[in-house]
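1. sequence? don't have it. structure:
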DNA sequence: GCGACAG
DNA sequence: ATCTTGTCGC
């Protein structure tokens, strides 16, 4: 699928924050789509211990960084049957900075999304949506670039306050930032840590929660995320 | 200055 | 994210 190039990626962290501040104004939290049939999940992985150095004598100079891998998996929502799976790889040098994760992982994710043939109605990402210091986490950012509904489904908290969540599957409590609800802490399975769900783009929180619950198959994480993670990790470590 | 901090 | 052992619960 195709995506928009709204800004450059080779920027410093200060410029990255400025870009986020500008893009945040474009995020839509209204769910226009009525029927979600195709759902996709994506994830990124890499080997933290090895730094790659790739000499390019010609034009672009020397590239250094780590080899990153991304995968996108597409499912039919009704049956949760997988219809497509792709991977992509590339060198990444932007460091991990809380709040700037999208500048580290988005380029490789977009490379993977460019490969898929199907046209998902909604995309789940292992990250935050609007539950972010500048209101634009990785899921929101990707949603803008792909112009698709996206949901952030993170394993831990980045920002926001919340109360304890009921133990039963489906229980949740609102995640708030200065009295504003930016997401939900959702129990996707009994007796396991809840996940942090926040709408990314072109979707509302209620719909997001429903889709996350619907795509969970007895596991803590939704199936698209879980399987995308398994594949990308295998690819990164080169194991079977 | 101190603590917090998606992956 | 990744490095790690045993251990509790369904």
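-> Received it, and whenever you're ready, just let me know what you need. As the structure is a computational prediction, the values presented were derived from the model and not from experiment.

2. list the contacts for residue A:193?
-> Residues near residue A:193 by CB atoms under 8 Å, 6 or more residues apart in numbering: A:155, A:220. Quick note: C-beta positions are derived from backbone N, CA and C, even for glycine.

3. what is the burial count for residue A:176?
-> 17 (other CB atoms under 10 Å).

4. scratch that, residue A:233
-> 16.

5. what about it, which helix or strand?
-> helix A:223-237 (DSSP states H and E).

6. following element in sequence after the helix or strand of chain A with the lowest mean pLDDT, please.
-> The helix or strand of chain A with the poorest confidence is strand A:52-54; it has a mean of 81 (mean pLDDT, DSSP states H and E). Next along the chain after strand A:52-54, taking DSSP H and E as the criterion, comes strand A:63-76.

7. how about residues contacting the least confident helix or strand of chain A?
-> A:62-67, A:91.

8. closest to residue A:111 out of those?
-> residue A:91 (11.3 Å; CB to CB).

9. can you confirm that closest one is in a strand?
-> Yes: counting by DSSP: H, G, I helix; E, B strand; the rest coil, residue A:91 is found in a strand.

10. confidence score at it?
-> On the pLDDT scale, residue A:91 is placed at 95.

11. please apply the same query to residue A:65.
-> At residue A:65, pLDDT is 88.

12. so it sits right up against residue A:48, yeah?
-> No: Residue A:65 lies out of contact with residue A:48 (CB atoms under 8 Å); the separation is 11.6 Å.

13. okay, the two: which has more neighbours?
-> More crowded of residue A:65 and residue A:48, by other CB under 10 Å: residue A:65, with 17 against 8.

14. and for the closest residue to the more buried one other than its chain neighbours, the neighbour number?
-> Counting by CB to CB, 6 or more residues apart in numbering, residue A:65 lies nearest to residue A:93, which is 3.2 Å off, once chain neighbours are set aside. Neighbours of residue A:93 under the rule other CB under 10 Å: 13.

15. spit out the contact partners of residue A:93.
-> Residue A:93 neighbours (CB under 8 Å, 6+ apart): A:63-66.

16. what about it, distance to residue A:38?
-> 33 Å (CB to CB, to the nearest Å).

17. quick one, helices of chain A?
-> Assigned helices in chain A, in chain order: A:13-23, A:101-113, A:138-146, A:205-215, A:223-237 (criterion: DSSP state H).

18. what does the fourth one contact?
-> Same thing as helix A:205-215. A:29, A:31, A:36, A:39, A:41, A:75, A:77, A:80, A:122, A:124, A:129, A:151, A:153, A:169-170, A:172, A:181, A:183-184, A:186, A:188, A:195, A:197-199, A:222-224.

19. contact partners of the helix holding residue A:233?
-> Residues contacting helix A:223-237 (CB under 8 Å, 6+ apart): A:39-47, A:67, A:69-75, A:80, A:82, A:85, A:87, A:89, A:124-126, A:153, A:215-217, A:219, A:221, A:240.

20. let's see that with 7 Å instead.
-> A:39-47, A:69-73, A:75, A:80, A:85, A:87, A:124, A:126, A:153, A:215-217, A:219 (CB atoms under 7 Å, 6 or more residues apart in numbering).
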